[in-house]
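Colleague: my questions are about this predicted structure, shown below with the sequence.
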Amino acid sequence: MKKLILFILTVAVLILVSNNYEQNYYIIPEESIRIRIIPNSNNIKDQYIKNQVKANIELELQEDLKRVTTIDESRRVIKKNINKYDDVIETVLNNEKYLKKHTIDYGYHYFPEKIYKGVKYSEGEYESLLITLGEAKGDNWWCVLFPPICSLEEDESGQKIEYSFLVKEMFNKYLK
């Protein structure tokens, strides 16, 4: 009986640890590089343009950063290719016949507080690639380029990746 109680307590502790691990998975390390895109406004067209820019920039950045393993390498790659990223944005805006100006800048930029998947991200100045569209007064999109948290949602074939915790899987398989 004591062994059964000890086993149940051990499993309970491991489940709590696994749940805590999953919640903390989205915590951004101190040394990271973000990307932020701020659209002109919140109207449908401006938000659509933001999403088009996001999709095209993400493709370029993922390709450029896929073999990068350090933050210093990431900085060099982003700085080296910033003109290419500017051209990508310009192409998107031209293709959409969107006449508003845009800017792209790599450095330290302000990020407002955000709560995402139950994790609070503090406001502050963060190293980032900032893209603004028009007056930059709309709801923004941001993510982390390094470490590559933005690209963790899909594998190379575009399939959604699901992360799991071995102990939790065993518990679900054998004890439910």
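Modeller: Yep, it's here.
Colleague: next one: residue 140 from residue 113, what distance?
Modeller: 12 Å (Cβ to Cβ, to the nearest Å). For the C-beta atoms, the positions are set from N, CA and C on the backbone; glycine is no exception.
Colleague: chain center to the lengthiest helix in the chain, what's the gap?
Modeller: Counting by DSSP state H, the longest helix found in the chain is helix 71-95. Going by Cα atoms, centre = their mean, to the nearest Å, the spacing between the C-alpha centre of helix 71-95 and its chain's C-alpha centre is 17 Å.
Colleague: what pairs with the following helix or strand past it, parallel or antiparallel?
Modeller: Downstream of helix 71-95, the first helix or strand assigned by DSSP states H and E is strand 102-111. Applying DSSP bridges to the sheet, strand 102-111 is found paired with strand 124-133 (antiparallel).
Colleague: hmm, back to that, more neighbours: which of residue 140 and residue 113?
Modeller: Set residue 140 next to residue 113 and count neighbours by other Cβ atoms under 10 Å: residue 140 wins out with 18 against 9.
Colleague: which residue packs closest to that one, ignoring adjacent ones?
Modeller: Leaving out its chain neighbours, the residue that sits closest to residue 140 by Cβ to Cβ, 6 or more residues apart in numbering is residue 38, at 4.4 Å.
Colleague: equivalent analysis for residue 120, please.
Modeller: Nearest one to residue 120, counting by Cβ to Cβ, 6+ apart, is residue 113 at 6.9 Å.
Colleague: show the pLDDT at the one you found.
Modeller: pLDDT, residue 113: 87.
Colleague: OK, contacts around it?
Modeller: Counting by Cβ atoms under 8 Å, 6 or more residues apart in numbering, residue 113 makes contact with 120-123.
Colleague: from these, which ones fall inside helices?
Modeller: Reading helices off the contacts of residue 113, I find no matches (DSSP H).
Colleague: from those, list the buried ones, please.
Modeller: By neighbour count, with 16 or more other Cβ atoms under 10 Å, the contacts of residue 113 hold residue 121 as buried.
Colleague: out of the contacts of residue 113, which is nearest to residue 62?
Modeller: Nearest to residue 62, judged by Cβ to Cβ, of these is residue 121 at 21.6 Å.
Colleague: per-residue pLDDT, that closest one?
Modeller: Reported pLDDT for residue 121: 85.
Colleague: that one contacts residue 115, doesn't it?
Modeller: Yes. Here residue 121 reaches residue 115: they are 7.3 Å apart, a contact under Cβ atoms under 8 Å.
Colleague: what about residue 77, neighbour count?
Modeller: 17.
Colleague: cool, residue 148 as well?
Modeller: 17.
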